[in-house]
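Asks: no sequence for this one, just the structure:
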C-alpha cells in the first residue's frame with residue numbers, strides 16, 4: 001500500500017474516532033459508535049483500571065463507569081499523528097461530574113490491525129478526575145461503587161494469571 005493510501009485510511013479512521021466521541025449521548029451510544037472500530041479481542045489499557053479485553057469489557061469496564069460519572073460526556077480530537085500501525089490521538093473530553101463542568105485530556109496510542117483498534121493505551125493523569133469526584137459529595141456514592149468494582153475486577157484478573 002502506498003504512503004498516500006495509508007495516510008488516507010488513517011485520516012478516515014481518525015475522523016470515525018472523532019465522530020464516535022462527538023456526541024455519544026450515553027455509554028450505549030459510545031459502544032455503538034465504537035463497535036465498528038474495535039477488534040473483537042481489543043485490549044484497552046489506561047491508568048487506574050486493570051487491562052480490559054473484548055467488547056463486553058469495553059462496555060462494562062470503560063463506557064458504563066465513565067458515563068455513570070459523567071452522563072453528558074463527549075470529546076473533541078485536538079491532534080493526531082501516525083507511524084506504521086500506530087495512531088496517536090490527543091482528545092479533550094468534557095462533561096459534568098456531579099453537576100459541575102469537568103474536562104480532561106488524554107493521548108491514546110492506538111495499534112491498528114486490519115484498520116480496527118487492536119490495542120488502545122491511554123496516557124493521561126487520572127488525579128484531576130479523582131480530585132474532582134472527591135470534592136463533590138454528590139459523586140461519592142457512585143465513585144466508591146466504581147472504585148470497588150475496579151478493585152474486584154483487578155482481583156479477579158489477578159487470580160486468572
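Replies: Yes, it's here. None of the values given here were measured: they were computed from a predicted structure. Residues are numbered from 1 along each chain as shown.
Asks: which intervals of this structure have sub-threshold pLDDT?
Replies: Residue ranges of the chain with pLDDT under 70: 1-7, 159-161.
Asks: where exactly do the helices run in it?
Replies: Taking DSSP state H to define them, one finds helices in the chain at 3-22, 27-34, 55-57, 64-69, 127-134, 140-160.
Asks: now those in TSV, with mean neighbour count?
Replies: All C-beta spots, glycine's among them, are computed from the backbone N, C-alpha and C. Below are the helices of the chain laid out as TSV (neighbours: other Cβ atoms under 10 Å):
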stretch	mean neighbour count
helix 3-22	14
helix 27-34	18
helix 55-57	15
helix 64-69	18
helix 127-134	15
helix 140-160	12
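Asks: tell me what the strand of greatest length in the chain is packed against?
Replies: Among the segments of the chain that qualify as a strand by DSSP state E, the longest is strand 100-113. Here strand 100-113 touches helix 3-22, strand 86-97, strand 116-123, helix 127-134, going by 3 or more Cβ pairs under 8 Å, 6 or more residues apart in numbering; DSSP states H and E.
Asks: among these, which comes closest to residue 39?
Replies: Residue 39 lies closest, by Cβ to Cβ, to one member of the helices and strands packed on strand 100-113: strand 116-123, at 4.9 Å.
Asks: now render the helices of the chain as TSV, adding distance to residue 80.
Replies: Listed next are the helices of the chain as TSV, based on distance: least, Cβ to Cβ, whole Å:
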stretch	distance to residue 80
helix 3-22	5
helix 27-34	16
helix 55-57	23
helix 64-69	21
helix 127-134	23
helix 140-160	28
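Asks: just so I know, which of those lies nearest residue 82?
Replies: Of these, nearest to residue 82 by Cβ to Cβ is helix 3-22, at 4.6 Å.
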